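> Predicted coordinates and the sequence they were generated for:
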Amino acid sequence: MFALLADLAWRRPRRILVAAVVLAVAAGVFGAGTPSHLSASDNDYQDKGSESYRTFQLLSQRTGVIPGPSIVIIASRGEAGRAVSLVRRDPAVAVVHRGRARGGKVVVAAYLRDGSDTGAAARRIEHVAPGLVGGPAVASEQVRRQSERDLLRAELIAFPLLLVLGIWIFRGVVAALLPVAAGVLSIVTTLAMLRLANSAVTISVFALNLVTGAGLGLAIDYSLLLLSRYREELAESDPQKALRTTVATAGQTVAFSAVTVAAAFASLLVFPLAFLRSMAIGGMAVALLAGVVALLVIPALFALLGRHVDALALRRGPPPGTGGWYRFAHGVMRRPLPIAVGTAAVLVALGLPFLGVRFTGVDASVLPTSASARQVQDAIHARAPEHVVASRATLARVHELRGVDAMTAPRPLGGGLWSADVTPVARPMSEGAKDLVRRIRALPGTSVGGVTAWYLDTSSSLRRHLPAAGAILALTIIALLYLVTRSVILPVKAVLMNALSLTAAFGVLVWVFQDGRLEGALHYTSQGALELTQPVLLFAIAFGLATDYGVFLLSRIREAHESGLPNREAVALGLERTGRVVTAAALLFCVAVGSFATSGIVIVKEVGLGIALAVAIDASLVRALLVPSLMALLGDWNWWRPGRKPG
């Protein structure tokens, strides 16, 4: 297959490139409107089979009103009457309540009709209502708009930096343009696919950030890997033969890598949350498309450019067996045990803060303090009520429970069911609020929805599905790495090292975002916890990307070993061949995804910084120190598989 791809690129380079340009333009036009079609709803974080979601649906259907105020306005006494009048005139509004806030302000709470377009209602009311406008519906709209602005800003930051760094890393202006072109094509085609997918399933707006960062990063990785190998082969053969060898070797590695990263994202499909499934769909699409672009477009460019791929080159690398990475690898393997133990100790130490991790949900607090929805939530210090459905007699017992601050009069739902809103003394999602929800649920015949009930149900759902997702991820990656290395030991070792490096990245995230470090530098306000789905999301993404770099390194080590070199020499030569490539790719990838740390949404900051940390740790401590030291310690056992004896 790879020989056919090389021949196709050599014979039809112009046709391939013209087709790529046409596809990019068409996908760009169609995908330009994708952000406005994607979801920013709280429902993206709901398990549709949970008790809290069923309660929400039951109340909506029986009453015709969405439970809880969707829009909240804080206005002065002089503005309050106008605010109430404007809100009541909106066709989506079913009920309006008026209350008091501190400082002489008035709180106007609007409850929307079931089935109404909450986003459209939020936009209308936000535009005309006086005072501060917030609430869940407005927060969702502001998250969507902030996400679009953040995406544009991240691209404006990342693309110039990537081009400048690319000229230095790729050692040439022409070569530096290759990953940018591949990245743009991968991203625009994925955006078009997301718009199509959104017509069938809910796609979260946050998938845009992932697609952009991963699309650029993977395009850089694959372009750099192919270019590095093509330059090696050009030094010893003509362009056509160099192209065939590049596609047969580095191209095969790219294919394995793309499938591996896609498989890591696919493990998120196990979770019944639209947010995580959106990330799975976006990640799978961009990984596979980046691989296809690399295997079709980049070889076509090589065929067209030939030796001119190094046009405007600035410098060339050292000959094999003389570079710094070769000497560094032998230096590490001279003292493998202390280096392996020391590196593992550093990773464990970095991961220790993760033992004290706390979690929270998604609400207006993820927005910057300049957002009105965030200001409303902070101003009223909302103790969101839990929605309880039960018999009237059971609701009387609920009112007597410890931890209840207030409770509305029971309302009939029909069929012997009644509902009431119960406000805990404690803040939503705190231990006190969670204990109260558990006590209410312990009463016979009760069903509870609301913020804290959602948190408990989502936590439980994630815990139930995590073992299956982890097993799928580990077994898939072990199987794929076995095909690359023809070894049982190396894939298992790679999975264990990935887990260790990810734990270190999680520990740093807790130190930064949960403990409130670097608030000034990163321009955020700590929620005192990490968002509930972040560890699951980062585990899949970073695990796949770490394996991506492992494939680059291990495939070159295996190639050297199968050529007859002893284990240590093969490791040194493999690290020399890929050390600069992996380091450069990791640096550029960190720029691509790290630019999202400039986002105004704290959970996007967590994702951007978390992926960048995981990639940086893997490319430095793991690939440079842990891999060569452990391979030196294991010797010929590295290559063991059933039926093959070491040595």
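Cool, got the structure.
> Please count neighbours and contacts with C-alpha atoms only from this point.
Will do.
> which element is the spatially most distant residue from the centre of the chain on?
For the chain, the C-alpha farthest from the mean C-alpha position belongs to residue 393; by CA atoms, centre = their mean, that distance is 46.2 Å. Per DSSP states H and E: residue 393 is located in helix 392-399.
> how about that helix: buried residues?
392, 394-395, 398-399 (16 or more other CA atoms under 10 Å).
> What mean pLDDT does that helix get?
For helix 392-399, the mean pLDDT works out to 93.
> And whatever helix or strand comes next after that helix, what's buried?
Later in the chain than helix 392-399, the nearest helix or strand by DSSP H and E is strand 404-407. By neighbour count on 16+ other CA under 10 Å, the buried set for strand 404-407 is 404, 407.
> I'd like the distance from stretch 462-470 to the chain centre, please.
Centre-to-centre, stretch 462-470 and its host chain are 17 Å apart (CA atoms, centre = their mean, to the nearest Å).
> Below-threshold pLDDT in the stretch 51-200 of the chain: ranges please.
Across the stretch 51-200 of the chain, residues meeting the criterion (pLDDT under 70) sit at 102, 170-172.
> Now do the end-to-end distance for stretch 239-257.
25 Å (CA to CA, to the nearest Å).
> where along the stretch 51-200 of the chain do the strands fall?
71-75, 93-100, 106-112, 132-134 (DSSP state E, counting those that start in this stretch).
> Of the ones you listed, flag the one that's most buried.
Mean neighbours per residue, mean count of other CA atoms under 10 Å, is largest over the strands of the stretch 51-200 of the chain for strand 71-75, with a mean of 27.
> And the contacts of it?
Residues outside strand 71-75 that contact it (CA atoms under 8 Å, 6 or more residues apart in numbering) are 83, 101, 105-111, 122, 129-138, 376.
> what about residue 231, distance to residue 237?
Residue 231 is 10 Å from residue 237, by CA to CA.
> So the two - more neighbours on which side?
Neighbour count, other CA atoms under 10 Å: between residue 231 and residue 237, residue 231 has more, with 19 against 12.
> Just checking, which helix or strand succeeds the helix or strand harbouring that one along the chain?
Using DSSP H and E, the element containing residue 231 is helix 207-234. Counting by DSSP H and E, the next helix or strand C-terminal to helix 207-234 is helix 239-246.
> Report the mean confidence score over that next one.
90.
> just checking, what packs against that helix?
Applying 3 or more CA pairs under 8 Å, 6 or more residues apart in numbering; DSSP states H and E, we find helix 239-246 packed against helix 2-11, helix 207-234, helix 274-305.
> what does the lowest-mean-pLDDT helix or strand in the chain rub up against?
Ranked by mean pLDDT, DSSP states H and E, the weakest helix or strand in the chain is helix 34-37, scoring a mean of 81. Applying CA under 8 Å, 6+ apart, the external contacts of helix 34-37 come out as 144, 148, 191-192, 194-195, 198, 205, 208.
> quick one, what contacts residue 467?
Contacts of residue 467 (CA under 8 Å, 6+ apart): none.
> so it is in which element?
Going by DSSP H and E, residue 467 is in helix 451-485.
> List the buried residues for stretch 121-134?
Of the residues in stretch 121-134, those buried (16+ other CA under 10 Å) are 121-122, 125-126, 129-134.
> Name the pair among the residues you listed with the greatest separation in space.
Using CA to CA, these reach their maximum pairwise distance at 121 and 131, which is 16.6 Å.
> Dihedrals phi and psi, the nearest residue to residue 136 once chain neighbours are set aside?
Among residues not flanking residue 136 along the chain, residue 70 sits closest, at 5.3 Å (CA to CA, 6 or more residues apart in numbering). Main-chain torsions, residue 70, degrees, to the nearest 10: phi -80, psi -30.
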